[in-house]
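Peer 1: quick one, fold the following:
(one chain, ligands or ions: 1)
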Amino acid sequence: MLEKSTIRGDARSVGPTEKPVDWVNDLRRSRQNGPSLSAVHMGQGLSTRSIHAGTVQDGPTGAVGTPIYQASTFLLGEEQYRSFEEGYARDRFIYTRYGNPSQWAVQDKIAALENAQSALVFSSGMAAISSSLMSLLDPGGHVVTSDEIYGGTYALFSNEFPNMGLSVTHVNPRDLAAIEAAIKPETQVLFFEVLTNPLLKVIDIAGLVNIARRHGLRVVVDATFATPILVNPLDLGVDIVVHSATKYLNGHSDLVAGVAVGNRKLIDQVWGRMLAYGGCLDPHCCFLLERGLKTLALRMRAHSEGGMIIAQYLEAHPQVSQVYYPFLPSHPDHDLAKRQMRLGGGMVTFEVKGGDAAALHLLERLNLAVQATSLGGVESLISLPYNTSHSGFTRRQREQMGISAGMVRLSVGVEDPEDLIADFEQAFA
Ligand SMILES: *Cc1c(COP(=O)(O)O)cnc(C)c1O
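Peer 2: Numbers count the residues shown, from 1 in each chain. A predicted model of the protein is given here:
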């Protein structure tokens, strides 16, 4: 049985969003990271943190990994009742929607990777996005966001927000002046994806934070395509980072989950929304996610190495008219990408000569890359924006977005790049 939770006060650096106001630090709750059970020293490197941070040490058995705490509810005692009264229920185990050791373990690992005080896991990336945004928006609030955004988020903005009295303006994410010009008196949040889908535009995070600071706004970024291995947006002043953990964080295409990361105070607010909307993550799923995360740094290096090799191969191929990969010198955001990102990542978008029919034909001839939506798995996944993520738009709308006929989105897995190239060779032939 777990005896007590060890809350580390100083193990993690406090993000730049944390303002050093003295009286705030006198309140015990505001000083705490976590919630956390881990006594494991996490180390400095991203691989070391991927493996060790957050692991719950099970006293009675000495199990090396975090056990699966498959429990919906926990014994109530004096301490739990007091936590309700005094408002620190997030730091005690009461009921699994409120918190569970399996959730804490994986949250602690992700927080360590993001240099964050606190993280919160969800049953999907969309649950993380909706709970995070709702925690920062008041009735009548307005969000400035990208004109190239994940379909589920687009649907949240266009179908759900109007019913809640919220509004959104979509702008070109590369145009900081347009972002600033879209700000209204009722604007509260700037929401952008660190790398867009499918064109892999790179957002200037520091530039975005500067605008937000001038106007007193919050910045939320979706860093699903980048992961904490490529960039740590909180270090650049972002308030909340969200990920679809379904993708790279888990990395094995076998679960759906989400995460929100930030300072303790903001994530406590998001937790309140999560309790109300109900998108908590099941303990068994937490176990799988924690296991997947142990190889995150390792996988991202392999994805990035393969991504670059495949991008260069495709760029030289006579049947390919255009390749989008942030670390290719031909990418419009190449300089920013090199400055902002440690690695190029595993997403490669390209255009096949001959339009959508030729692209579909190519996909059908491939033996290795699996024709499926989603991304970030160890297996290469390939899809066409026109009949998957962007099928809801007309051809004309897609072309206005820069999604031309014949566009293919490839999530490069961790297979041997030579094998992937050989497969493309036979498919093109
Ligand atoms: C997949 C995805 C989401 C949604 O995540 P789910 O886990 O499917 O809910 C959000 N943003 C981006 C960029 C994604 O790729």
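
Peer 1: got the contact list for S158?
Peer 2: V168 (C-beta atoms under 8 Å, 6 or more residues apart in numbering). (Each C-beta comes from the backbone N, C-alpha and C, glycine too.)

Peer 1: that one and the ligand: what is the separation?
Peer 2: Separation of S158 from the ligand (C-beta to the nearest ligand atom, to the nearest Å): 15 Å.

Peer 1: next, that residue: phi, psi?
Peer 2: phi -90, psi -30 (degrees, to the nearest 10).

Peer 1: so what's it scoring on pLDDT?
Peer 2: Looking at S158, its pLDDT is 95.

Peer 1: measure it to I421 for me?
Peer 2: 40 Å (C-beta to C-beta, to the nearest Å).

Peer 1: same deal with T349?
Peer 2: Taking C-beta to C-beta, one finds T349 at 17 Å from I421.

Peer 1: and the two? Which one has more around it.
Peer 2: Neighbours were counted for T349 and for I421 using other C-beta atoms under 10 Å; T349 has more, 21 against 17.

Peer 1: which residues does that one contact?
Peer 2: Here T349 is in contact with 198-200, 323-325, 407-410 (C-beta under 8 Å, 6+ apart).

Peer 1: can I get those residues in a markdown table including secondary structure?
Peer 2: Output for the contacts of T349, formatted as a markdown table (DSSP: H, G, I helix; E, B strand; the rest coil):
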| residue | secondary structure |
| --- | --- |
| P198 | coil |
| L199 | coil |
| L200 | coil |
| V323 | strand |
| Y324 | strand |
| Y325 | coil |
| M407 | strand |
| V408 | strand |
| R409 | strand |
| L410 | strand |
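
Peer 1: out of these, which end up buried?
Peer 2: 198-200, 323-325, 407-410 (16 or more other C-beta atoms under 10 Å).

Peer 1: and those residues as CSV, adding pLDDT?
Peer 2: Output for those, formatted as CSV (pLDDT from 0 to 100):
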residue, pLDDT
P198, 93
L199, 95
L200, 97
V323, 98
Y324, 98
Y325, 98
M407, 96
V408, 97
R409, 97
L410, 98
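
Peer 1: format the contacts of T349 as CSV; extra columns: distance to N210.
Peer 2: Output for the contacts of T349, formatted as CSV (distance: C-beta to C-beta, whole Å):
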residue, distance to N210
P198, 28
L199, 24
L200, 23
V323, 31
Y324, 26
Y325, 27
M407, 32
V408, 35
R409, 31
L410, 34
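
Peer 1: OK, now which residue of this structure is nearest to the ligand?
Peer 2: Closest contact between the chain and the ligand, by C-beta to the nearest ligand atom, is at G125 (2.3 Å).

Peer 1: what about the closest residue to that residue other than its chain neighbours, how many residues nearby?
Peer 2: With sequence-adjacent residues excluded and distances taken as C-beta to C-beta, 6 or more residues apart in numbering, G125 is closest to S244, at 2.7 Å. If you count neighbours by other C-beta under 10 Å, S244 ends up with 29.

Peer 1: for the residue nearest to Y248 when sequence neighbours are not counted, phi and psi?
Peer 2: Nearest residue to Y248 in three dimensions, chain neighbours excluded: G376, at 3.6 Å (C-beta to C-beta, 6+ apart). Per-residue torsions, G376: phi 80, psi 10 (degrees, to the nearest 10).

Peer 1: for G376, what are its contacts?
Peer 2: Contacts for G376 (C-beta under 8 Å, 6+ apart) come out as 224, 246-251, 253, 303, 346, 411.

Peer 1: let's see 7 Å
Peer 2: Counting by C-beta atoms under 7 Å, 6 or more residues apart in numbering, G376 touches 247-248, 251, 411.

Peer 1: intersect the residues you listed with the contacts of the ligand.
Peer 2: K247 (C-beta under 6 Å from any ligand atom).

Peer 1: among the contacts of G376, which ones are buried?
Peer 2: 247-248, 251, 411.

Peer 1: contacts for the helix or strand containing G306 next, please.
Peer 2: Using DSSP states H and E, G306 falls within helix 296-315. Helix 296-315 is contacted from outside by 46-47, 50, 227, 229-230, 248-249, 251, 320, 323, 325, 327-328, 330, 343-348, 350, 378, 410, 412, 414, 417, 420-421, using C-beta under 7 Å, 6+ apart.

Peer 1: right, and the residue of the chain closest to the ligand touches T246 too?
Peer 2: Yes: here G125 reaches T246: they are 5.9 Å apart, a contact under C-beta atoms under 7 Å.

Peer 1: domain map for the chain?
Peer 2: The chain breaks down by automatic domain parsing into domains covering 4-293, 298-428.

Peer 1: can you give me how far the shortest one is from the chain middle?
Peer 2: Right, domain 298-428. Centre-to-centre, domain 298-428 and its host chain are 20 Å apart (C-alpha atoms, centre = their mean, to the nearest Å).

Peer 1: and the furthest pair within the contacts of G376?
Peer 2: By the measure C-beta to C-beta, G251 and S411 form the most distant pair in those, at 10.7 Å.

Peer 1: I appreciate the help and will end here.
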